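Trainee: What shape does this take:
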Amino acid sequence: MASCTVPAARRPRRVSACEPTGVLAFLLLTRLRSQVLHFLPPQGIHVIKDNLLPVPPLFNLIQECSGTPWREMYKVFNCGHRMEVYTRAQYAPQVIAAAKQFGIEAQIVGRVEGRPGPTTVTVSSPHGVFEYGK
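Mentor: Sure thing, here's the model as predicted:
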(Lines give C-alpha, C1' and ligand atoms only; values in the text may rest on other atoms or scores of the structure.)
Protein backbone atom coordinates (compact mmCIF):
# COMPACT_ATOMS: atom_id res chain seq x y z
CA MET A 1 0.00 0.00 0.00
CA ALA A 2 1.42 3.39 -0.98
CA SER A 3 1.21 6.34 1.35
CA CYS A 4 1.31 10.04 0.73
CA THR A 5 1.67 13.17 2.79
CA VAL A 6 -0.64 16.10 2.20
CA PRO A 7 1.04 19.47 2.83
CA ALA A 8 -0.51 21.33 5.77
CA ALA A 9 -1.76 24.11 3.49
CA ARG A 10 -3.77 21.57 1.46
CA ARG A 11 -5.19 19.56 4.37
CA PRO A 12 -8.93 20.00 4.81
CA ARG A 13 -10.02 21.34 8.14
CA ARG A 14 -12.11 19.02 10.27
CA VAL A 15 -15.83 19.34 9.62
CA SER A 16 -16.94 19.53 13.22
CA ALA A 17 -20.57 18.56 12.71
CA CYS A 18 -19.68 15.26 11.08
CA GLU A 19 -19.74 12.17 13.21
CA PRO A 20 -17.10 9.50 12.62
CA THR A 21 -19.79 7.12 11.36
CA GLY A 22 -19.06 7.28 7.66
CA VAL A 23 -16.68 5.47 5.34
CA LEU A 24 -14.15 7.32 3.22
CA ALA A 25 -13.14 5.28 0.20
CA PHE A 26 -10.32 6.40 -2.07
CA LEU A 27 -10.77 4.86 -5.49
CA LEU A 28 -7.76 4.95 -7.74
CA LEU A 29 -8.49 3.40 -11.11
CA THR A 30 -10.33 0.33 -9.96
CA ARG A 31 -13.81 -0.84 -9.12
CA LEU A 32 -15.77 2.31 -8.42
CA ARG A 33 -19.06 0.49 -8.24
CA SER A 34 -18.06 -2.56 -6.25
CA GLN A 35 -15.19 -1.32 -4.04
CA VAL A 36 -17.56 -0.27 -1.26
CA LEU A 37 -18.72 -3.88 -0.92
CA HIS A 38 -15.47 -4.62 0.94
CA PHE A 39 -16.57 -2.30 3.77
CA LEU A 40 -20.14 -3.54 4.18
CA PRO A 41 -21.68 -6.55 5.89
CA PRO A 42 -22.57 -9.45 3.57
CA GLN A 43 -26.32 -9.07 4.15
CA GLY A 44 -28.95 -6.35 4.38
CA ILE A 45 -27.48 -3.32 2.57
CA HIS A 46 -28.34 -1.85 -0.83
CA VAL A 47 -26.10 0.95 -2.15
CA ILE A 48 -27.84 2.85 -4.95
CA LYS A 49 -25.75 5.15 -7.16
CA ASP A 50 -28.19 6.99 -9.40
CA ASN A 51 -26.78 10.52 -9.67
CA LEU A 52 -23.24 9.92 -10.93
CA LEU A 53 -20.82 12.55 -12.11
CA PRO A 54 -20.34 12.58 -15.89
CA VAL A 55 -17.94 9.94 -17.22
CA PRO A 56 -14.70 11.71 -18.29
CA PRO A 57 -13.66 11.42 -21.95
CA LEU A 58 -10.77 9.07 -21.05
CA PHE A 59 -13.16 6.35 -19.91
CA ASN A 60 -15.40 6.83 -22.94
CA LEU A 61 -12.32 6.39 -25.12
CA ILE A 62 -11.27 3.22 -23.25
CA GLN A 63 -14.77 1.81 -23.69
CA GLU A 64 -14.98 2.71 -27.39
CA CYS A 65 -11.51 1.40 -28.27
CA SER A 66 -11.78 -1.81 -26.28
CA GLY A 67 -15.46 -2.56 -26.83
CA THR A 68 -15.75 -3.36 -23.12
CA PRO A 69 -19.40 -3.48 -22.02
CA TRP A 70 -20.40 -0.65 -19.67
CA ARG A 71 -21.28 -3.15 -16.94
CA GLU A 72 -17.64 -4.23 -16.95
CA MET A 73 -16.37 -0.64 -17.25
CA TYR A 74 -18.19 0.35 -14.05
CA LYS A 75 -16.93 -2.79 -12.34
CA VAL A 76 -13.27 -2.46 -13.35
CA PHE A 77 -12.67 1.31 -13.53
CA ASN A 78 -13.65 4.20 -11.28
CA CYS A 79 -15.01 6.08 -14.34
CA GLY A 80 -13.95 9.43 -12.90
CA HIS A 81 -14.95 9.00 -9.25
CA ARG A 82 -11.84 9.16 -7.14
CA MET A 83 -13.33 9.24 -3.67
CA GLU A 84 -16.61 8.43 -1.98
CA VAL A 85 -17.72 9.56 1.44
CA TYR A 86 -20.52 7.64 3.10
CA THR A 87 -22.17 9.76 5.76
CA ARG A 88 -25.59 10.59 7.11
CA ALA A 89 -27.67 12.70 4.71
CA GLN A 90 -27.77 15.64 7.12
CA TYR A 91 -23.97 16.00 6.92
CA ALA A 92 -23.68 15.80 3.12
CA PRO A 93 -23.86 19.59 2.51
CA GLN A 94 -20.95 20.16 4.89
CA VAL A 95 -18.84 17.42 3.30
CA ILE A 96 -19.56 18.85 -0.17
CA ALA A 97 -18.69 22.38 0.99
CA ALA A 98 -15.39 21.14 2.46
CA ALA A 99 -14.50 19.41 -0.83
CA LYS A 100 -15.31 22.53 -2.83
CA GLN A 101 -12.96 24.59 -0.63
CA PHE A 102 -10.17 22.51 -2.17
CA GLY A 103 -11.46 22.66 -5.74
CA ILE A 104 -12.86 19.13 -5.64
CA GLU A 105 -16.10 18.62 -7.54
CA ALA A 106 -18.53 16.91 -5.19
CA GLN A 107 -22.18 15.93 -5.13
CA ILE A 108 -24.53 13.35 -3.67
CA VAL A 109 -24.33 10.40 -6.05
CA GLY A 110 -26.69 8.02 -4.32
CA ARG A 111 -27.94 6.56 -1.08
CA VAL A 112 -27.73 3.50 1.15
CA GLU A 113 -30.83 1.56 2.11
CA GLY A 114 -31.54 -1.52 4.17
CA ARG A 115 -33.06 -4.50 2.44
CA PRO A 116 -33.34 -8.23 3.02
CA GLY A 117 -30.89 -10.46 1.24
CA PRO A 118 -27.30 -10.08 0.13
CA THR A 119 -25.59 -6.69 0.10
CA THR A 120 -25.52 -5.16 -3.38
CA VAL A 121 -24.52 -2.03 -5.27
CA THR A 122 -26.80 -0.77 -8.05
CA VAL A 123 -25.44 1.70 -10.59
CA SER A 124 -27.96 3.61 -12.67
CA SER A 125 -26.19 5.44 -15.48
CA PRO A 126 -26.86 6.74 -18.98
CA HIS A 127 -25.32 3.44 -20.16
CA GLY A 128 -27.70 1.18 -18.24
CA VAL A 129 -28.58 -0.09 -14.79
CA PHE A 130 -26.12 -2.60 -13.31
CA GLU A 131 -26.20 -4.56 -10.05
CA TYR A 132 -23.11 -5.89 -8.33
CA GLY A 133 -22.90 -8.21 -5.33
CA LYS A 134 -20.22 -9.67 -3.11
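
Trainee: contacting residues around stretch 100-120?
Mentor: 10, 12, 37, 40-53, 81, 83-84, 86, 89, 92, 95-96, 99, 131-134 (Cβ atoms under 8 Å, 6 or more residues apart in numbering). (C-beta placed from N, C-alpha, C; glycine too.)

Trainee: go with 7 Å
Mentor: Applying Cβ atoms under 7 Å, 6 or more residues apart in numbering, the contact partners of stretch 100-120 are 10, 12, 37, 40-53, 86, 92, 96, 99, 131-134.

Trainee: how distant is it from the center of its chain?
Mentor: Centre-to-centre, stretch 100-120 and its host chain are 6 Å apart (Cα atoms, centre = their mean, to the nearest Å).

Trainee: about what we covered before: report the buried members of the contacts of stretch 100-120.
Mentor: Buried by 16 or more other Cβ atoms under 10 Å: 37, 40, 45-49, 52, 86, 92, 96, 99, 132, out of the contacts of stretch 100-120.

Trainee: returning to what we had before: so which of the contacts of stretch 100-120 belong to helices?
Mentor: A92, I96, A99 (DSSP state H).

Trainee: Tell me the secondary structure at the nearest residue to the last one once chain neighbours are set aside.
Mentor: Of all residues beyond its chain neighbours, the one nearest A99 is A106 (3.7 Å), with distances taken as Cβ to Cβ, 6 or more residues apart in numbering. Secondary structure assignment for A106 (DSSP: H, G, I helix; E, B strand; the rest coil): coil.
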